[in-house]
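Enquirer: Okay, sequence plus prediction incoming.
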Amino acid sequence: MDTPWDESHDAETALNGTRDAEWAKMSSEFNDVGYREGITAGKEAFVQEGFDVGFADVGAPLGRDLGLIRGQSSALLSFLISAPPTALDIPEDEKEALVHEARAIAAQLGHIRYSDIEPRDLEAEQHAREHLEAEGQEMEVHEDIEKRKKMETVEDMLAGLSAGGDTTTPGRPTMEDVVKLRARLQALTLRLGLRDSFLY
């Protein structure tokens, strides 16, 4: 019987066995680490690519368009306030009505958040639902998103209080509201005889 205490035990065989065991363990650990790093790198590359596409196709254009219409409404309001009625070739009471309309448009545009008008990614939501259902879990709202929504609700209530308005507003603006505000702004610019290219 070969044992480490047996005089006939071959020291070289024992050393080779230990070396092989250590090599197998080290090789397995490196394979595990490499596999995990590969998975992580793949996820990061996929997530980055998804972010880049979403930003370029949705986020940036939507933010740019909202910024443009806000800037145009502010410029038009400033123009109306500073121009005398005679330069606009309209009566004073009509100028006041136009200033009031421009202020209302600018104020409503100022209350729109990106989160109000961003399109939902229904495909991603469905994909997440399928994976969660397969694992027997329910889809939950991320904690940070839930906190942001609660904070926005408080901000909306405070804005209603500070403006002396109603704190039970029917809801946040939508993309349809932006389209309507853009149409009102365009009608206002046309009424003033400004170039249609003012709005794009």
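Expert: Alright, I've got the coordinates. Numbers count the residues shown, from 1 in each chain.
Enquirer: which element follows whichever strand or helix holds residue 18 toward the C-terminus?
Expert: For residue 18, the host element (DSSP states H and E) is helix 11-54. The helix or strand immediately downstream of helix 11-54 is helix 60-82, counting by DSSP H and E.
Enquirer: Please list the outside residues in contact with that next one.
Expert: With contact meaning C-beta atoms under 8 Å, 6 or more residues apart in numbering, helix 60-82 is reached by 88, 95, 98-99, 102-103, 105-106, 109-110, 112, 114, 117-118, 178, 181-182, 185, 188-189, 192, 194, 198-200. C-beta coordinates here come from the backbone N, C-alpha and C atoms, glycine included.
Enquirer: which among those residues end up buried?
Expert: 88, 95, 98-99, 102, 105-106, 109, 112, 117, 178, 181-182, 185, 188-189, 192, 198-199 (16 or more other C-beta atoms under 10 Å).
Enquirer: Which of those residues fall in helices?
Expert: Taking DSSP state H, the ones among these that sit in helices are 88, 95, 98-99, 102, 105-106, 109, 117, 178, 181-182, 185, 188-189.
Enquirer: Low-confidence stretches in the protein?
Expert: 1-17, 139, 141-142, 159-160, 162-170, 196-200 (pLDDT under 70).
Enquirer: and residue 107, how many neighbours?
Expert: 12 (other C-beta atoms under 10 Å).
Enquirer: Quick check: phi and psi on residue 89?
Expert: The phi/psi pair for residue 89 (degrees, to the nearest 10) reads phi 60, psi 40.
Enquirer: ugh, wrong one, residue 194
Expert: phi -80, psi 160.
Enquirer: Tell me who's in contact with it.
Expert: So residue 194 contacts residue 76 (C-beta under 8 Å, 6+ apart).
Enquirer: now it: how far from residue 83?
Expert: 11 Å (C-beta to C-beta, to the nearest Å).
Enquirer: thinking again about what came up before, and the angle from the helix holding residue 18 to helix 60-82?
Expert: Following axes from the mean of the first three to the mean of the last three C-alpha atoms, to 10 degrees, one obtains 40 degrees for the angle between helix 11-54 and helix 60-82.
Enquirer: which other helices and strands contact helix 11-54?
Expert: Here helix 11-54 touches no other helix or strand, going by 3 or more C-beta pairs under 8 Å, 6 or more residues apart in numbering; DSSP states H and E.
Enquirer: Alpha carbons of stretch 57-72, in CSV - could you do that?
Expert: The C-alpha trace of stretch 57-72 is given here as CSV (Å, rounded to 0.1, in the frame of the first residue of the first chain):
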residue,chain,number,x,y,z
ASP,A,57,-32.8,57.5,-32.8
VAL,A,58,-35.0,58.6,-30.0
GLY,A,59,-33.5,60.6,-27.2
ALA,A,60,-31.4,63.2,-29.0
PRO,A,61,-34.0,64.0,-31.7
LEU,A,62,-36.8,64.2,-29.2
GLY,A,63,-34.8,66.4,-26.8
ARG,A,64,-33.6,68.6,-29.7
ASP,A,65,-37.2,69.1,-31.0
LEU,A,66,-38.5,70.0,-27.6
GLY,A,67,-35.6,72.4,-27.1
LEU,A,68,-36.2,74.0,-30.4
ILE,A,69,-39.9,74.6,-29.9
ARG,A,70,-39.2,76.0,-26.4
GLY,A,71,-36.6,78.4,-27.8
GLN,A,72,-38.9,79.5,-30.6
